[in-house]
Every structure is written in structure tokens, then in C-alpha cells.
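Asker: show me how the following folds:
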Amino acid sequence: MERNTVTLFETIVTLLENKRYATLRDILSTMNPVDIAGVFEDIQDEKTAVLFRLLPKELAAEAFVEMDEDTQELLIHGFSDTELKEVIDELYVDDAVDIIEEMPANVVKRILRQADPDVRKQINEILKYPEDSAGSIMTTEFVKLRPKMTAEEAIKRIRRTGIDKETIYTCYVSDESSKLIGIVTIKSLLLAEDEDIIEDIMETNVISVNTLDDQENVVQVFNKYNFLAVPVVDKENRLVGIVTVDDAIDVMEEEATEDIQKVAAITPTTDKPYDKLSVGEIFKSRIPWLLILMVSATFTTMIINGFEESLAASIVLTGFIPMLMGTGGNSGSQSSVTIIRSLSLGEIEFKDIFRVIFKESRVSMLCGVVLGAANFVKMLLVDRLLLGYDEVTIMVSLVVSLTLLLTVICAKIVGCTLPMLIKKIGFDPAVVASPFITTILDALSLFIYFMIAQLVLGI
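Answerer: This next block holds a predicted model:
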């Protein structure tokens, strides 16, 4: 498949250089808009505007939406006002909004100047909604029906207006004040008798979202009910737009990327792909967290310095510090990642915290006992007998193994409770995942280790 793509790209470039425009038009007309966008992103020079002009109007707009922002900006600079207007007229409103949000101010002004007054008004209305809200990702282009229409009248309306709508598979029924009262699918309309009234065949148990709802909540609605589109209403239950499944998928990708970056202690960057990010952008997204985590590790240093005499009395204990700290961090990360995922999917809430702690406590006890026992046997057989470390006595092995047991228990309890507490006070639990929990548990495991060592070994 990759070989075929390279061959096709080389063919397009060769035809473009030889000015074989008729052949190019025939080839591009058979391609998917996403694949066409990929070709434009690879070319990235003055020839892209020439190539774009060969595309049929509708296909050109569909491909334009799929391109990255750098290619879009390059094309816009190469467009005449007439060409830009033709592209904008073919775009759905939500796609136009997405493009505008990524463009520099001078390009945005030019786009809005070329848009029709009605489209410009719709774009400005959507831009007013908070970022990451349902209103900011909705489209205002949907089929609206009246309850007293017949099925025949509804189908005629769809035929007359559907060409400009993003989807016609689900139609929305509203009253004279635009309040959402029902939905009806195109399947229901086609199977109904011509004289059937919409209010008799529509579904009145409508699941909708509010314009100010977080986009993550919208995604959860799609995931739960397997919708192709979800209606968006304002505080008075007036229908103002819909969110389609393609936009929901984009949100899923954005949120997943953001959570992964936070878990790895990286400030979320723009939605640029990795190869489009500059060294400076990557540096700025990583260095703040590295500085914070480095400073927070001061607690670990303080604990080690505080038990310096104990370490001097039993140097062998030093060799097991990395294993204890690593196991604690890994155990905490396992719990935190599981809980963060469950919180994001709405599977658990803060009220479930004691149930979660009880479950994780039992899991941690089982894990700790197995790890402690395995470590005790390993230290005596491998470290003492095979490697010949005489300092690894039964009592030292007991200290390390007990520490391992308690560290795993504490790690899993901290890992499951901290994200829930952070979520309760209104912050994103992803930011307290692996890095912060690991830092906390490093200090905690060392404290437990040295306290047990003092009690058991008397140092």
C-alpha cells in the first residue's frame, strides 16, 4: 500500500511538472479527499495552488478540510478572492470554524471578508462559545422539521434543503419557538405513509447536550448511545445545532493525546503532528514539568540525608533503594491509570472512593505478599548464595521484603485516591498520574524503608 502511494505521488508530481493537467484532473477526481490532502501536504510549494484549481469544486472543499493548517494557509495565500469565496461557500460551518481557529489574524479577516453574511454570522455565533464546549464543535446546518408536517412534506423539505446540510439521516423536530420536541430518522420517513404526521412517528425521548457542556461529555454520549449526531440545545431547550460523529472522533483523539501528554508530564501542545513541531515548541512543553519534578525530588534527598547514619551502619541497604522506589512507582501508576480512565468514562465518581479504596487495598495486599515473598527468596538464593553477598542476611532480606509489602499497599491506595481527590476539587486528574505519584511514592517508600530498618536491625 505504501509503495502504491509513493508511486501515485511521484506520478502526480511528474504530470504536474509536465503540465498534463487533464490527466491530473482525471486522477484526482477518483481519489478520496483524505488522500488528496496527503498529496498536497507532501508537495507544499507554489504548485499546490495550480493543483488545487484542477479539483472539482465540492471535492476541493472536502480535501481542503482534511489538510493540515500549514497547507491550508499556503493555499489561502495563493487564492484569489473569488477562489477563496468558492472554497468557503462549499465548507460546512463547523469546518470553517475549525479552520479559522487555527489561522493567523490576517488570514481570518480575509476568510470572513469573503464569507456570505449569513455564514459569517453563524461562524461568529459558534466562536462565542467557550473553547472545548459542545457549542464550539457543533454545526448549525441540520434538517429541522415541524410536528404537523406529513411524511411526504418532510421528505420534500429534505430534498429541497438537504444538499446544504451536514447530515440528513436524523432530522430534528421543533415547535414555533425552536424548542426541541422530537427526532425522526430518514428510515422512519421512508417507511411511513405519505399522510402520516411527524408528531405521530417521531421519537419524543430525545437525548441532547447543552451548548456549555464539556466536549468530553458529548463524546461520552456518542460512546454510550452509538449516535451519528447529537442535538445541542441552549438553556431554554431551544435547538441551536448538532454535533456529528466525525467531530466527536476528532475530540476523542484530541482528549486522548492530551491525557497521554499529561500522564507523561508534558504540557499539552497544539494538535500539530510531531514532525510539524519545532524543537522550541517541544522544549517549552516539557521543561516546566521536568523542573517541577526535579525540585519535588528534594523530599527524597532530605529523607536519605536524614537517615544517613542508618545507611552508614548498613551499606547493603543502599543497593535495594532503586528496586523499592521503582516498584512503588509502578504499583501506584497501575492504580492511577485505571482510576483516571474510569473517571473519564464516568464509570466511577467521588462517592465511590471508599469502595475503590477497599478493592485496591485487597489487590495491593495480594500483590504485596507475592512480591515480598518472591523478593525474600530471591535475596537469599540469588544475592546471598549465588552472588556471594554475605551482607544480605535473613534480617536484611526481611527488612526489604516488608518494605516492599507496605510500599505496594501505600502506592496503590495513593494511586487510586489522589486522582479522585483532584477530580473532586475541579482539576484534571491526568496531571497527577505517573510523574507526580512516582515522586510522592519515592519519598514514601524511602521513609518506610528506613523506619523498618531501624526497628528490625536496630540501626
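
Asker: wait, a strand at residue 184?
Answerer: Yes - the assignment for residue 184 is a strand, going by DSSP: H, G, I helix; E, B strand; the rest coil.

Asker: low pLDDT regions in the protein?
Answerer: Across the chain, the ranges flagged by pLDDT under 70 are 1-6, 259-275, 289, 293, 296-297, 310-313, 430-435.

Asker: count of neighbours near the residue nearest to residue 397 when sequence neighbours are not counted?
Answerer: Leaving aside its chain neighbours, residue 397 sits nearest to residue 379 (4.1 Å; criterion: Cβ to Cβ, 6 or more residues apart in numbering). C-beta here means a position set from N, CA and C on the backbone, and glycine is covered the same way. Using other Cβ atoms under 10 Å, residue 379 has 22 neighbouring residues.

Asker: with the one 3 residues further on instead?
Answerer: The number of residues packed near residue 382 is 12, by other Cβ under 10 Å.

Asker: how near is it to residue 375?
Answerer: 10 Å (Cβ to Cβ, to the nearest Å).

Asker: then residue 381?
Answerer: With Cβ to Cβ as the criterion, residue 381 and residue 375 are 11 Å apart.

Asker: buried residues of the host helix or strand of residue 416, list them for me.
Answerer: Residue 416 is part of helix 394-424, with elements assigned from DSSP states H and E. Across helix 394-424, burial judged by 16 or more other Cβ atoms under 10 Å covers 396-420, 422-423.

Asker: before we move on, what about stretch 56-68?
Answerer: Buried, per 16+ other Cβ under 10 Å, within stretch 56-68: 59-68.

Asker: returning to that earlier point: mind checking which of residue 381 and residue 375 has more residues around it?
Answerer: residue 375 (22 against 11).

Asker: re earlier: show me what the very next helix or strand once past the helix holding residue 416 is packed against.
Answerer: Using DSSP H and E, the helix or strand that follows helix 394-424 in sequence is helix 434-457. With contacts defined as 3 or more Cβ pairs under 8 Å, 6 or more residues apart in numbering; DSSP states H and E, helix 434-457 has these neighbours: helix 279-296, helix 298-306, helix 308-313, helix 321-344, helix 394-424.

Asker: CSV for these, including distance to residue 350?
Answerer: Shown next, in CSV, are these (distance: least, Cβ to Cβ, whole Å):
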stretch, distance to residue 350
helix 279-296, 25
helix 298-306, 27
helix 308-313, 40
helix 321-344, 9
helix 394-424, 5
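
Asker: nearest to residue 190, out of the ones you listed?
Answerer: Proximity to residue 190 (Cβ to Cβ) singles out helix 321-344 among the helices and strands packed on helix 434-457, at 38.4 Å.

Asker: what's the neighbour count on residue 128?
Answerer: Counted with other Cβ under 10 Å, residue 128 comes out at 9.

Asker: need the contact list for the closest residue to it other than its chain neighbours.
Answerer: Leaving aside its chain neighbours, residue 128 sits nearest to residue 135 (7.9 Å; criterion: Cβ to Cβ, 6+ apart). Taking Cβ atoms under 8 Å, 6 or more residues apart in numbering, we find residue 135 in contact with 126, 128-129, 211-212, 232, 240-241.

Asker: out of the residues you listed, which end up buried?
Answerer: Buried by 16+ other Cβ under 10 Å: 126, 129, 211, 232, 240-241, out of the contacts of residue 135.

Asker: and those residues, which is closest to residue 167?
Answerer: Looking across the buried ones among the contacts of residue 135 and measuring by Cβ to Cβ, the closest to residue 167 is residue 241, at 11.9 Å.

Asker: surely the closest one forms part of a strand?
Answerer: Yes - according to three-state DSSP, residue 241 belongs to a strand.

Asker: re earlier: distance to residue 340 added to the buried ones among the contacts of residue 135, as TSV?
Answerer: Below are the buried ones among the contacts of residue 135 laid out as TSV (distance: Cβ to Cβ, whole Å):
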residue	distance to residue 340
126	30
129	27
211	27
232	27
240	32
241	30
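
Asker: picking that back up, where does the residue nearest to residue 128 sit, in terms of helix or strand?
Answerer: helix 134-137.

Asker: how far does that helix sit from the chain's center?
Answerer: 16 Å (Cα atoms, centre = their mean, to the nearest Å).

Asker: list the helices and strands whatever helix or strand comes next after that helix packs on?
Answerer: Moving toward the C-terminus from helix 134-137, the next helix or strand (DSSP H and E) is strand 144-145. Packing partners of strand 144-145 (3+ Cβ pairs under 8 Å, 6+ apart): strand 170-174.

Asker: and the strand it packs on, what other elements does it pack with?
Answerer: Using 3+ Cβ pairs under 8 Å, 6+ apart, strand 170-174 sits against strand 144-145, strand 180-185, helix 186-191, strand 239-244.

Asker: just the ones you listed: most buried one?
Answerer: strand 239-244 (a mean of 24; mean count of other Cβ atoms under 10 Å).

Asker: by contact count, what packs against the very next helix or strand once past that one?
Answerer: Note on strand 239-244: by DSSP H and E, the next helix or strand toward the C-terminus is helix 245-263. Contact here means 3+ Cβ pairs under 8 Å, 6+ apart; on that basis helix 245-263 packs against helix 134-137, helix 215-225, helix 321-344.

Asker: can I get those helices in TSV including distance to residue 302?
Answerer: As requested, these are exported to TSV (distance: least, Cβ to Cβ, whole Å):
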stretch	distance to residue 302
helix 134-137	46
helix 215-225	39
helix 321-344	15
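
Asker: show me the one of these that comes nearest residue 250.
Answerer: helix 134-137 (7.9 Å).

Asker: of all the residues in the host helix or strand of residue 113, which ones are buried?
Answerer: Using DSSP H and E, residue 113 sits in helix 105-114. By neighbour count on 16+ other Cβ under 10 Å, the buried set for helix 105-114 is 107-108, 110-111, 114.

Asker: which strands or helices does it pack on?
Answerer: Using 3+ Cβ pairs under 8 Å, 6+ apart, helix 105-114 is in contact with helix 69-78, helix 81-90, helix 93-102.

Asker: now do the SS call for the residue of the chain positioned farthest from its centre.
Answerer: Residue farthest from the centre of the chain, counting by Cα atoms, centre = their mean, is residue 390 at 52.4 Å. With three-state DSSP as the basis, residue 390 sits in coil.

Asker: just checking, it touches residue 384?
Answerer: Yes - counting by Cβ atoms under 8 Å, residue 390 touches residue 384, with 7.1 Å between them.

Asker: okay, now the nearest residue in space to residue 46 that is not next to it in sequence: neighbour count?
Answerer: What sits nearest to residue 46 in space, not counting adjacent residues and going by Cβ to Cβ, 6+ apart, is residue 78, at 7.0 Å. Residue 78 has 16 neighbours, counted by other Cβ under 10 Å.
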